[in-house]
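> One predicted model, sequence on top.
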Amino acid sequence: MSDNKITTRFAPSPTGFIHVGNIRTALYAWLWARKNNGAFILRIEDTDKEREVAGSIEHIMKSLRWLGLDWDFGPEKDGPNAPYIQSQRLDIYKKYAEILVKKGFAYADPYTEEEIEKFRQKADSEKKPFLYREHRPENPPTWDGTKPLRFKVSELKKTVWNDIVWGGLSAGPEALDDFILIKGDGYPTYNFAHIVDDIEMGVTHVVRGQEFISSTPKFLSVYEALGVKPPFFVTTPPIMGATGTKKLSKRDGAKDILDYEKEGYLPEAMLNYLAFLGFNPGGEKEVYTREELIKAFDLGKIQRSGAKWSDDKLDWMNKEHMKLLPKEEVEKNILEYLPDSMKNKKLVPIIFERISKWCDVKEMIERGELDFFYKVPDIDKTKLVYKNISQEKIISNIKLAIETLEKVAEEKFDKENIKTALMAVAEKLESRGEVLHPVRFALSGLDRSPDPFIIAEILGKNETLSRLQKVV
RNA sequence: GGCCCUAUCGUCUAACGGUUAGGACAACGGGUUUUCAAUCCGUUAAUCCGGGUUCGAUUCCCGGUAGGGCUACCA
């Protein structure tokens, strides 16, 4: 627990799915642990039983597993500080709370919530900041667990500290107040529990979002009261929604990270995109594998300002990572989406060059873009046109194509030979489209489709000729 | 209201105080593709404003403006 090993943690609350903003914080913590051969802990902070959503823990673990962010200690991975679920560690918080009480750094809060609300409203109407410590009771009751336990700020001072990302930070004495350590229901607050756990678990680098900057003076005063040296603080900037300037949140459309899995994004691409949204190792390389990311990662190069999410760039990143995939894997993934009647490996490259994520395959199928490969298309004769060429001319061009293709041997009926043969005819015409377009249309029945050569190869000589014949 | 923080192309970002301010996404244009897509080439496009410090400021300091966060018996 107190060896010098770099230890980071991801400490989500089980209040639903986790979105990309949360995951990036987890990623940075994970990268730092892996880079330093340290430990990465997953800790569940379920101290607010009202907000808890059933099934969240499993969902969170599934999300991390999809991205390959493996934890060394945490749920389903016991370690020296198990359990890693805060609601199962209540006795530990109580022990620390009692230490603070004994040292005179904590006392029971005698007020009801309504009374405190009145103090707050009064301060509000006087346009003054509300500070509980201004109402600190002179003789608080002894803490028996039925009342909230508050931290007692002993010295009002300016707090100065260092953050690996933000550098020197400071806050005036207004940032210090008597905040709740243990709630009336016996559960600790985040403000207290995370400190106890980070100490107990030997966390060396606390990586978390910038919403916690303003409460850091409070945290620091607890470390001081406990006589424990605080860990390094690594505060990450927010991720903003693509529209608007608000921090990305579930409210404004932040998606469950697992939705991206469903849409067919590669975990490596998501990792790469996320890492670079708010971090840059310098240089112009942008596509990084997981291992390269670990190697290049540096806490000091995390950005301070918020970054807007971009689906466009994520799609591009995904495509780049798909290109890195072995051919067999691409084939397997694409084939998976194809119905049995369409499972033709020759379709794979055609599909691959048109998609940026796997679910695009599904969309292509739904749009019927691939139907003609296994179903003779209905030819809309009114569309059998090309520029100002008469339909008679077009039909005769198709006949020309039939004659040409008949000369191509069946075993040599591949796109290269077909192209050579067809192009020889096409070049003689005013424009190549006079023959190529009608052929393509006759084979696919579509205005837009892959080139006629590859279609012909996939259909095979017989099918190709019969479709052309049919149109004539 | 109070406290804290941030500020480079539309977006993500790079630049020991000295660069024609670089790259990527997007957009646009072109080559190649019958078309779309893909690919290749190219173009447009930024240091928020105002003061200082300095021979020299995107970079350091101050002010303004804009944006963000916190201000719970939530995390």
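Good, I have the coordinates. Numbers count the residues shown, from 1 in each chain, chains lettered A, B, ... in the order given.
> by contact count, what packs against the longest helix seen in chain A?
For chain A, the helix that runs over the most residues, judged by DSSP state H, is helix A:452-471. For helix A:452-471, the contact count by 3 or more C-beta pairs under 8 Å, 6 or more residues apart in numbering; DSSP states H and E identifies helix A:347-352, helix A:391-406, helix A:415-428, helix A:433-444 as packing neighbours. Glycine gets a C-beta too; all of them are placed from N, C-alpha and C.
> mind redoing it with 7 Å?
Secondary-structure packing of helix A:452-471 (3 or more C-beta pairs under 7 Å, 6 or more residues apart in numbering; DSSP states H and E): helix A:391-406, helix A:415-428, helix A:433-444.
> Run through who's touching the longest one.
Pointing back at helix A:391-406 there. Counting by C-beta atoms under 7 Å, 6 or more residues apart in numbering, helix A:391-406 makes contact with A:384-386, A:418, A:421-422, A:425, A:434-435, A:438-439, A:442, A:464-465, A:468-469, A:471-472, all of which sit outside it.
> again, only this time at 10 Å
Around helix A:391-406, the neighbours that count as contacts under C-beta atoms under 10 Å, 6 or more residues apart in numbering are A:381-382, A:384-386, A:389-390, A:413, A:417-418, A:421-426, A:428-429, A:434-439, A:441-442, A:452, A:456, A:461, A:464-465, A:468-469, A:471-472.
> Can you give me the separation between A:Asn333 and A:Trp316?
Between A:Asn333 and A:Trp316 the computed distance is 18 Å (C-beta to C-beta, to the nearest Å).
> Endpoints of stretch A:36-54, how far apart?
35 Å (C-alpha to C-alpha, to the nearest Å).
> before we move on, what about stretch A:163-173?
Counting by C-alpha to C-alpha, you get 19 Å between the two ends of stretch A:163-173.
> what does stretch A:259-270 give?
For stretch A:259-270, the first-to-last residue distance is 12 Å (C-alpha to C-alpha).
> Next: stretch A:4-20.
31 Å.
> Using neighbour counts, pick out the buried residues of it.
Applying a neighbour-count criterion of 16 or more other C-beta atoms under 10 Å, the buried positions in stretch A:4-20 are A:6-20.
> And for stretch A:340-356?
In stretch A:340-356, counting by 16+ other C-beta under 10 Å, buried: A:Met342, A:Leu347, A:Val348, A:Ile350, A:Ile351, A:Phe352, A:Ile355, A:Ser356.
> Distance check, the residue of chain A most remote from its centre against A:Pro349.
What lies farthest from the middle of chain A is A:Glu392; by C-alpha atoms, centre = their mean that is 56.5 Å. Plainly put, A:Glu392 is 36 Å away from A:Pro349 if you go by C-beta to C-beta.
> for A:Ile418, same thing?
To A:Pro349, A:Ile418 is 16 Å away according to C-beta to C-beta.
> Same check on A:Leu156?
Shown here: A:Leu156 relative to A:Pro349, a distance of 70 Å by C-beta to C-beta.
> cool, and A:Pro339?
Separation of A:Pro339 from A:Pro349 (C-beta to C-beta) stands at 19 Å.
> Strands of the stretch 251-400 of chain A, residue ranges please.
Secondary structure of the stretch 251-400 of chain A (DSSP state E, counting those that start in this stretch): strands at A:307-308.
> where does the stretch 151-300 of chain A have low pLDDT?
Low-confidence segments of the stretch 151-300 of chain A, defined by pLDDT under 70, span residues A:244-245, A:251-253.
> Flag every residue of it that's near RNA strand B.
Selection of the stretch 151-300 of chain A residues close to RNA strand B by C-beta under 7 Å from any atom of the strand yields A:166-167, A:169-172, A:174-175, A:179-180, A:183-185, A:187, A:189-191, A:194, A:210-215, A:237-238, A:240, A:245-247, A:276-278, A:280, A:282-284, A:286.
> Among those, which are located in strands?
Among those, the subset assigned to strands under DSSP state E consists of A:Gly167, A:Leu169, A:Ser170, A:Ala171, A:Ile180, A:Met240.
> Kindly reformat those residues as TSV containing distance to A:Asp46.
As requested, those are arranged in TSV below (distance: C-beta to C-beta, whole Å):
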residue	distance to A:Asp46
A:Gly167	33
A:Leu169	29
A:Ser170	33
A:Ala171	29
A:Ile180	17
A:Met240	28
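> Among these, name the buried ones.
A:Leu169, A:Ala171, A:Ile180, A:Met240.
> For A:Ile44, state which of those is nearest.
Relative to A:Ile44, the closest of those is A:Ile180; by C-beta to C-beta it sits at 20.5 Å.
> Taking the stretch 301-450 of chain A, what residue is nearest to RNA strand B?
For the stretch 301-450 of chain A, the residue closest to RNA strand B is A:Ser305, as judged by C-beta to the nearest atom of the strand, at 2.9 Å.
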